[in-house]
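Asker: turn this into a structure:
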Amino acid sequence: MTAARQRWFAAVESNTTGSGRKFCAAARARGLRPVVLAKDPARYPYIAEDGLDTLVVDTSDLDAVRDACRGLSDGDGLAGVTSSSEYFVGTAAAVAHGLGLPAPDAAAIARCRDKSAQRAALAAAGVPVPAFRAVRDADGAVRAAEEIGCPVVLKPVSGSGSVGVRLCHDATDVHAWATGLLGDWTNERGVPGGGTILVEEYVDGPEFSVETFDAEVVGVVGKHVGRPPYFVETGHDVPAPLPEQQLSALGAGARAAIIALGLTWGAAHTELRSGPRGPVVIEVNPRLAGGMIPELVQLAMGVDLVDAVVARACGLPCAHRPAAVAHAAIRFLLTPGAGTVTAVDGVRAARGLPGVREVRINVRPDDVVTVQHSFKDRLGFAIATGSDAATAARCATAAAECIRFGLR
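Answerer: Prediction:
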């Protein structure tokens, strides 16, 4: 089949690191012609590197995205529409549904992306969640913290990647952080926070995520989180090194949550903490996981979730039944501070270590880096596999420790 007759696969924007590039690669492997709809395609360097088609579209305008996709549909044909970005999965679902293409429930996605509405729906369904309050001013945040009991976690009602999330130990902390979030705070896309934040109970315990597809548990991920008061994810282990009973409990908690929210179509990424009451759902994301978790799942469970998402969006058959084949781990390389990158050393040595499958560096000399206490602090990562969880983790950690960033 020639390129001119290939059906289009439309990706509405992309995540900036991780699996966004893999979505387009998976579409090509399926015989489709990927096209990225973006307000600024230059935001994603892989587009030029991989020779991908683009359409410059105001992706904040649903009608503009719909018109662009309708144009693709009227041409060589449009197989599917989706997004690897938290911020555009709802737009993609609404457009796909309007064009008669396979899609999740856009209303369920919108409800899920508002963390306040999500929490209310989960609590009403009896799914264990932290105590919470949605507030619109700093004084209200302090009152909510007093009712719940400090320490509490403050976060925007929409967002991802730990952006704007902080543990607050007392009323002074709460008032100061709430004032910042409710002021001129914007997310990484430059979109204002919206005037509402969530104050929630702090669940003190290890963190996990459960990756599901069509409401079936594919795998449980053990998550490593940086030092409080922030929640920057520093690594993942797949599968989580837990007894079967605990894995089952986490999986059951995630399934209850996505069923309550109506997210049983395609991929979902549910984050939980195991506290004194057992597994508690922190939040459900109506999309495939970020943080290279799909890559780890493929290495450890033999399931290509990126391909499954692309296939599902295009109405094509896909396989997503897990079969444990190994253990996989990732360790992120966090910026040592703010400044200009002068050098990146140790990459070759890291790639040569036993068990290492991939080392990626996302910055170059002369790039300016900052400390934002979110996923943006990650300058790269190392992925490794092993016959058991400890081996995979040890290999990934050793590779990450080889690499040094020079700053001035």
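Asker: which residues touch residue 130?
Answerer: 153, 200, 201, 202, 203, 280, 282 (Cβ atoms under 8 Å, 6 or more residues apart in numbering). To be clear about C-beta, it is placed using only N, CA and C from the backbone, and glycine gets the same treatment.
Asker: need the pLDDT of the residue nearest the centre of the chain.
Answerer: Centroid-nearest residue in the chain: residue 290, 3.3 Å away (criterion: Cα atoms, centre = their mean). As predicted, residue 290 sits at a pLDDT of 90.
Asker: point out where this protein drops to low pLDDT.
Answerer: 1-4, 17-18, 75, 160, 184-194 (pLDDT under 70).
Asker: can you pull out the helices in it?
Answerer: For the chain, the helices defined by DSSP state H occupy 20-29, 45-49, 62-74, 89-98, 106-113, 115-124, 138-148, 171-182, 244-261, 293-301, 305-313, 347-351, 389-402.
Asker: how about those helices, which one is nearest residue 336?
Answerer: Each of the helices of the chain was scored for nearness to residue 336 using Cβ to Cβ, and the closest is helix 389-402 (12.5 Å).
Asker: okay, the angle between that closest one and helix 293-301?
Answerer: Here helix 389-402 points in a direction 140 degrees away from that of helix 293-301 (axes from the mean of the first three to the mean of the last three Cα atoms, to 10 degrees).
Asker: show me what helix 389-402 is packed up against.
Answerer: strand 233-238, strand 327-334, helix 347-351, strand 356-361, strand 378-386 (3 or more Cβ pairs under 8 Å, 6 or more residues apart in numbering; DSSP states H and E).
Asker: of the contacts of residue 130, which is the most crowded?
Answerer: residue 200 (25 neighbours; other Cβ atoms under 10 Å).
Asker: and that one, what does it touch?
Answerer: 119, 130, 131, 132, 133, 148, 152, 153, 154, 155.
Asker: can you tell me how far the second one sits from residue 407?
Answerer: Okay, so that is residue 130. The gap separating residue 130 from residue 407 is 37 Å, by Cβ to Cβ, to the nearest Å.
Asker: try the last one
Answerer: As judged by Cβ to Cβ, residue 155 and residue 407 stand 29 Å apart.
Asker: more neighbours, the two?
Answerer: A count of neighbours by other Cβ under 10 Å puts residue 155 above the other of residue 155 and residue 407, at 23 against 14.
Asker: mind listing what the more buried one touches?
Answerer: 115, 164, 165, 166, 181, 197, 198, 200.
Asker: endpoints of stretch 38-50, how far apart?
Answerer: Using Cα to Cα, to the nearest Å, the end-to-end distance of stretch 38-50 comes to 16 Å.
Asker: okay, buried residues for that stretch please.
Answerer: Within stretch 38-50, the residues that qualify as buried by neighbour count (16 or more other Cβ atoms under 10 Å) are 38, 41, 44, 46, 47.
Asker: which strand residues bridge the nearest residue to residue 149 once chain neighbours are set aside?
Answerer: Closest residue to residue 149 apart from its sequence neighbours, by Cβ to Cβ, 6 or more residues apart in numbering: residue 201 at 7.3 Å. Following DSSP bridges, residue 201 is listed with bridge partners residue 152.
Asker: ok, back up a step: for the residue nearest to the centre of the chain, grab phi and psi.
Answerer: As for residue 290, its main-chain torsions (degrees, to the nearest 10) stand at phi -100, psi -150.
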